[in-house]
Structure formats: structure tokens, C-alpha cells
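J.: Here's my sequence, what's the structure:
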Amino acid sequence: MAGQQPEGQPRQRLKDRLKERLEERAEERSAEQPGGRPEGRAGESAEQPAGERAEERLERAVRAAEQALIEFEIAVETFRVEVENFSRLHHQKLGPMYARLDELEALIAEATAARTGDPEDRRKADEARARVLPMPGVEELFHGWMDGDGLFPEASAMLTEQPVRPPQRVRPSDEARKLYRELARKAHPDLAQDEKERERRDEFISRVNAAYGRGDEALLRELAEEWAAGPKPPEQQPTESEELYARLEWLAQRKELLTAVARELEESAIGAMLRMAPEDPDALLDQIAEQLLAQVAEQEAELERLTAS
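T.: Model (predicted):
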């Protein structure tokens, strides 16, 4: 119809106004920046390079991982303490019953072997008794005195009232003494100009003294070469990004270690018992104690039957 504008004209004018508004906004931002510098590529800020934003994101990821690891470590440690306490209670309350059952099993096996005279029954009785009274090793019985090869020389000398042979003295060679004197003069801590240099000299002289005390001429030569070469140059420090990535890697390794610890606790006998009664583990101990008392009564009755006849 006459007087009507084509349908595409209003859309075009809208696009033009949007374009003008965007250009005005860009000029305003450019005027607000120091020196009137224009913005860089789309999505970048002249005041904050893209590299810094990436490091900030990485740092946030590290902080989040640290917090998550702390919570996980608290949970694992809490469960570890629960397992340890429950294990202690289990041993205190049920340990004597288990020991009594082992003793009764050995007595029953011995009574059976005495009645039958069967070598196989005798072997079983010996095995049952060994479980009750395990034989400690020689080293455990005579710790510091003897091993499987016999008495130590010092112990033998003490038992026979003979003087203990003193350790062999080391007499450094003339060359070792010469090297030692030269190193002591050059690396003496009193020659240091600052505290850091004194610490370096203290550590070095301690190694020199140890080598000289052993009469180790070869090591003294190596130390002389080390001192002549001078202090090691400082290692290149990692960048912030490298430190953050290293921190993330350590956190991941720590998480794997804690996961393994948690799995070991959960799969242990005590951990399995705790999972059976997480709300009331004491009631579980009482239940197990009743079962053990019943087994003890049965075994005592069996022993009485074998010994009475």
C-alpha cells in the first residue's frame, strides 16, 4: 500500500542504531583507560592479560583442591581413630576369650592324642600348642647379645669377665693430614662474611671432619675439589604456574595415598566389623562376646568329656 515502508527498512535502522551505540560505548571505555589505550582483542582487558587470568583460575583450582583434600583427610583420620579405638576395645574385651579358646583347642587336641596314640593326632596337638605359645626367635630372646651364629664378641667378653676389645683406631696418612689442614684453613667458618656463608662452611667442615676421622684420603680429595669448584649456583626458581601445577600434582598424589589408607581401613577385619554396626559398635562387641562365651562353654564340655573317660 502507498506510504508503507518496506518490511526490511525498520530492521536495518535498528541494526544501525545498535552499531552506533556499541561504537559510543567502546569510545567511553577507551577514554577511561590510562593513556586512552583501546581494548585489545574481543574478550580481553588491557589491564589484565590473559596469562594472569589463567593463573588466577589455576590458583582457584588449587585452593579448591586443598580444601577438598583437607575435608577428605579429616574423614580418613576420623575413621582411623574409630578403627584404632574399636580395635583396642575388641582386644581388651574379647582377647581373653580368644586366648581361652586357643588354650582349650590345644588341651582337647592333646587329650585326643593321648587317648588314640595316633601320630597324626600328636602332630595336630603340637601345632595347636604352638599357636598358644609361639616360640620367640633367638634374636628376640637375646636382643643385643646373640644371633643365630652365637654370642656377639662384646657379650662373650662380658660374660667371661674379659675386657671388651676397644674399636680399632684409625691413623690417617700424611697426605690425609695435609689435605685436612688445607681444607680447615680454607673453609673455616670464622672466615665467613655472612650467616648464610657460615652455615655453608659449617656443613662442609663437618663432612671434612668425618672423612678425616675415618682416614678417608680419597674422600678428602673429593672434598678439596668440591671446595675449589666453589658454591653451587642457585637453582632456577619455578614460575608461578609451574608451582601451582606442582601443587596440584602433589595434592592428587596425596589424595591417592589417603584413598589407599581408607580402603585398607575399610577392608580390615575391624573396619568390616565397624561397618556392620556403625551406630552402636559396643552392642556388636557384646554380641560377639556372647558367641565366644558359648563356644568356650562347648569346648570346656568337650574337654571334660575327654578327660573324664
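J.: so where is the stretch 101-250 of the chain shaky, pLDDT-wise?
T.: Low-confidence segments of the stretch 101-250 of the chain (pLDDT under 70): 133-170.
J.: residue ranges for the helices of it, please.
T.: Remark: helices assigned in the stretch 101-250 of the chain by DSSP state H, counting those that start in this stretch are 119-132, 138-141, 153-159, 174-187, 195-213, 217-229, 240-267.
J.: nearest to residue 107, of these?
T.: Residue 107 lies closest to helix 119-132 among the helices of the stretch 101-250 of the chain, at 8.5 Å (Cβ to Cβ). To be clear about C-beta, it is placed using only N, CA and C from the backbone, and glycine gets the same treatment.
J.: by contact count, what packs against the closest one?
T.: Where contact means 3 or more Cβ pairs under 8 Å, 6 or more residues apart in numbering; DSSP states H and E, helix 119-132 is packed against helix 50-116.
J.: Let me have the helices of the stretch 101-250 of the chain in a markdown table, adding distance to residue 290 as columns.
T.: Formatted as a markdown table, the helices of the stretch 101-250 of the chain follow (distance: least, Cβ to Cβ, whole Å):
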| stretch | distance to residue 290 |
| --- | --- |
| helix 119-132 | 23 |
| helix 138-141 | 36 |
| helix 153-159 | 51 |
| helix 174-187 | 74 |
| helix 195-213 | 64 |
| helix 217-229 | 68 |
| helix 240-267 | 26 |
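J.: Looking at those, spot the one closest to residue 96.
T.: Residue 96 lies closest, by Cβ to Cβ, to one member of those: helix 119-132, at 13.2 Å.
J.: between the helices of the stretch 101-250 of the chain, which gets nearest to residue 293?
T.: Among these, the nearest to residue 293 by Cβ to Cβ is helix 119-132 (19.2 Å).
J.: Can you list the neighbours in contact with that closest one?
T.: By Cβ atoms under 8 Å, 6 or more residues apart in numbering, the residues outside helix 119-132 that reach it are 99, 102-103, 105-106, 109-110, 112-113.
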